[in-house]
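Participant: need a structure here:
(one chain, ligands or ions: 1)
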Amino acid sequence: MSFIVAIDGPAGTGKGTMADLISKKYNFTNIDTGATYRCVALEMLNRKIELDDDEKIEKMLKEIKIDMEQINGELKVTLDGKDVTKEIRSPEVSKIVSPVSSIKKVRIAMNDIQRKMAEGKDVIMEGRDICTVVFPNADVKIYLDGDLKERAMRRYRQNKEKGIDMSYEEVLENIQKRDKNDMEKEMGALKVAEGAVVIDTTGMSIEEEEEAICKIIDEKIRKGKK
Ligand code: DC
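Facilitator: Numbers count the residues shown, from 1 in each chain. Okay, here's the model as predicted:
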């Protein structure tokens, strides 16, 4: 039996950071579902596949192999055996990942991969539709929200630390576009799931955000599984 903590929310709310901290604290497997969509986006760029080329997309989805593992506390993402941890965060991938993630075939394939990655494990899984679609019966469901400009600033700083060269304005525009696209998706749209606890992260430090999430997890662990 596995224990599942599901976190949804727009970009820059700290989902990745929280998943990382919490996976270490509780010894949960960390599954970054956005990274699976980023791998598909990267492969589409590599193979020069257009967003509307159904046939090529279907073939590619059957062929690619996405893996995630934690090495020395860092999440390593591999695509067909190649380490793409950094490549999937490039501006080129960030630009097309939201439209790529709107393709139904892609969503169905990724949902499948994500559920398989979680099989039999205690996991923390973050993304956009984890509480609504992938694991609607998760033990803990959280929706992280936050002010757009603050989220863009966090992402801008994160990118800088990772050596990704994007101006604040570029990041803001990219996040704004992605928010809109993510919320208006036909399938797996970003929204607050039934039973999810909403946390507004505006003005919160990482420590405060972690504390708020841990409180919810601890309460659930104390009460026991459903
Ligand atoms: O969290 P991220 O920025 O790495 O996510 C990249 C994109 O993937 C984002 O624009 C929305 C999409 N995504 C999704 O549609 N469903 C998920 N569960 C996770 C991410």
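Participant: do you know the pLDDT at the nearest residue to residue 79 once chain neighbours are set aside?
Facilitator: The shortest distance from residue 79 to any non-neighbouring residue, by CB to CB, 6 or more residues apart in numbering, is to residue 39 (4.7 Å). Any C-beta I mention is one placed from the backbone N, CA and C, and that applies to glycine too. Per-residue pLDDT puts residue 39 at 98.
Participant: what about residue 39, distance to residue 89?
Facilitator: Residue 39 is 11 Å from residue 89, where distance means CB to CB, to the nearest Å.
Participant: strands along the chain, start to end?
Facilitator: Along the chain, counting by DSSP state E, strands occupy 4-8, 29-32, 66-71, 74-79, 82-83, 123-127, 140-145, 197-200.
Participant: strands paired with the fourth one, and their directions?
Facilitator: According to DSSP bridges, strand 74-79 has the following sheet partners: strand 66-71 (antiparallel), strand 82-83 (antiparallel).
Participant: does any bit of the longest one sit next to the ligand?
Facilitator: No. Strand 66-71 stays clear of the ligand (CB under 6 Å from any ligand atom), getting no nearer than 12.4 Å.
Participant: got the buried residues for that strand?
Facilitator: 66, 68 (16 or more other CB atoms under 10 Å).
Participant: likewise for stretch 169-177?
Facilitator: Those would be 170-172, 174-176, for stretch 169-177 by 16+ other CB under 10 Å.
Participant: now these in TSV, with pLDDT?
Facilitator: Shown next, in TSV, are those (pLDDT from 0 to 100):
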residue	pLDDT
170	94
171	94
172	96
174	92
175	93
176	94
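Participant: among those residues, which are located in helices?
Facilitator: Within these, residues falling in helices by DSSP state H are 170-172, 174-176.
Participant: low-confidence bits of the protein, can you list those?
Facilitator: Scanning the chain for pLDDT under 70 picks out 1, 225-226.
Participant: and it, which residues reach the ligand?
Facilitator: 11, 33-34, 37-38, 97-98, 101, 127-130, 178, 182, 188.
Participant: which among the ones in helices among the buried residues of stretch 169-177 gets closest to residue 115?
Facilitator: Nearest to residue 115 out of these is residue 175 (CB to CB; 27.5 Å).
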